[in-house]
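Student: Build me a model:
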Amino acid sequence: MKYLISFFLLTPILIFSQITEDISRDTPSVVKKLYTKGSFMYGPGTEEVWVATKYYQDSDKDPEDIYMRPGGGFGIEAVIGYDVTRFLSFELALGWLTSGEVIDKDNMAILEKFPLQAIILYRIPINKKFTPYIGGGLATLLSIKYTEKVQGTESDVIYSKPIGFTILGGTEFKKSQSPWYWFGELRYNILGEYTVKEATMGGRTVTGIIQGSSLDNLNANGVFIVFGVGYYLK
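Tutor: All right, here's what the predicted structure looks like:
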């Protein structure tokens, strides 16, 4: 009888103990891991703007139009991140983007941007190798400059700095206990428009002429494909 009583008394305690252990194991722990990432990114932008026409001398090739993508482009990005828990991370990302074309040192039409983003990531671990994640945060462009050179004569347009948001989703791939991992993500930047702040042509100020032209009120929104590698510092 006493064994039966012991069984009924101890069984709920053991079950409760196991449940508590499982919950504790699944609860995000504070990991405090610092990491860095580097990536390549490309975005088609939501619109393309004609900026110049390229002519071929001593060739039968037809002239080609050159376009820039205000909300897109090709570039690189560096990230510093910090794992608060195994699920939650904070990141600060600084990048460089360009679109247009450089024909030679005296003939070019390019748009350069330096995006800065503060992002919160939420990871959804599937197994030890694959970890999908979603995230979002604040985004801005530290510098936006359009440069056009025709036969060595340079024109520059500097734009206002928009502030907006970014949302993203991706996955990480990691092998065993290596501090290195690969990642890929799809990102959408919501920055509205940027407008002409200052413009010069051959050293002369032409801000009033450029304002209201096709180079003004450019759509800064865009989708980006991002691929890169990350490394945990500790």
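
Student: can we go C-alpha only for contacts and neighbour counts from here?
Tutor: Noted.

Student: remind me which residues of this protein are low pLDDT?
Tutor: The model of the chain has pLDDT under 70 over residues 1-32, 58-59.

Student: Which single strand of it contains the most residues?
Tutor: strand 130-150 (DSSP state E).

Student: Restrict that one to CA atoms and write it as PDB.
Tutor: Output of strand 130-150 as PDB, limited to C-alpha atoms (Å, rounded to 0.1, in the frame of the first residue of the first chain):
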ATOM      1  CA  PHE A 130      19.200  26.300 -40.800                       C
ATOM      2  CA  THR A 131      17.800  29.300 -39.000                       C
ATOM      3  CA  PRO A 132      15.200  31.400 -40.800                       C
ATOM      4  CA  TYR A 133      14.700  35.000 -39.500                       C
ATOM      5  CA  ILE A 134      12.600  38.100 -39.900                       C
ATOM      6  CA  GLY A 135      13.300  41.600 -39.000                       C
ATOM      7  CA  GLY A 136      12.900  45.300 -39.500                       C
ATOM      8  CA  GLY A 137      14.100  48.700 -38.300                       C
ATOM      9  CA  LEU A 138      15.000  52.300 -39.200                       C
ATOM     10  CA  ALA A 139      16.800  53.200 -42.400                       C
ATOM     11  CA  THR A 140      18.300  56.300 -43.900                       C
ATOM     12  CA  LEU A 141      20.900  57.300 -46.600                       C
ATOM     13  CA  LEU A 142      23.900  59.100 -45.200                       C
ATOM     14  CA  SER A 143      24.900  60.400 -48.600                       C
ATOM     15  CA  ILE A 144      23.200  60.500 -52.000                       C
ATOM     16  CA  LYS A 145      25.200  61.900 -55.000                       C
ATOM     17  CA  TYR A 146      24.700  61.800 -58.700                       C
ATOM     18  CA  THR A 147      27.800  62.400 -60.800                       C
ATOM     19  CA  GLU A 148      27.800  63.000 -64.500                       C
ATOM     20  CA  LYS A 149      30.900  63.500 -66.600                       C
ATOM     21  CA  VAL A 150      30.900  64.300 -70.400                       C
END
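
Student: which other helices and strands contact that strand?
Tutor: strand 107-123, strand 153-159, strand 163-174 (3 or more C-alpha pairs under 8 Å, 6 or more residues apart in numbering; DSSP states H and E).

Student: Name the strands paired with the last one and say parallel or antiparallel.
Tutor: Looking back up the chat, that one is strand 163-174. Counting by DSSP bridges, the strands paired with strand 163-174 are strand 130-150 (antiparallel), strand 180-190 (antiparallel).

Student: How about the longest one?
Tutor: Its sheet considered, strand 107-123 pairs with strand 88-104 (antiparallel), strand 130-150 (antiparallel) by DSSP bridges.

Student: Using CSV, please lay out those together with distance to residue 195.
Tutor: Shown next, in CSV, are those (distance: least, C-alpha to C-alpha, whole Å):
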stretch, distance to residue 195
strand 88-104, 17
strand 130-150, 10
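
Student: does residue 160 really touch residue 196, like I thought?
Tutor: Yes: counting by C-alpha atoms under 8 Å, residue 196 is a contact partner of residue 160 at 6.3 Å.
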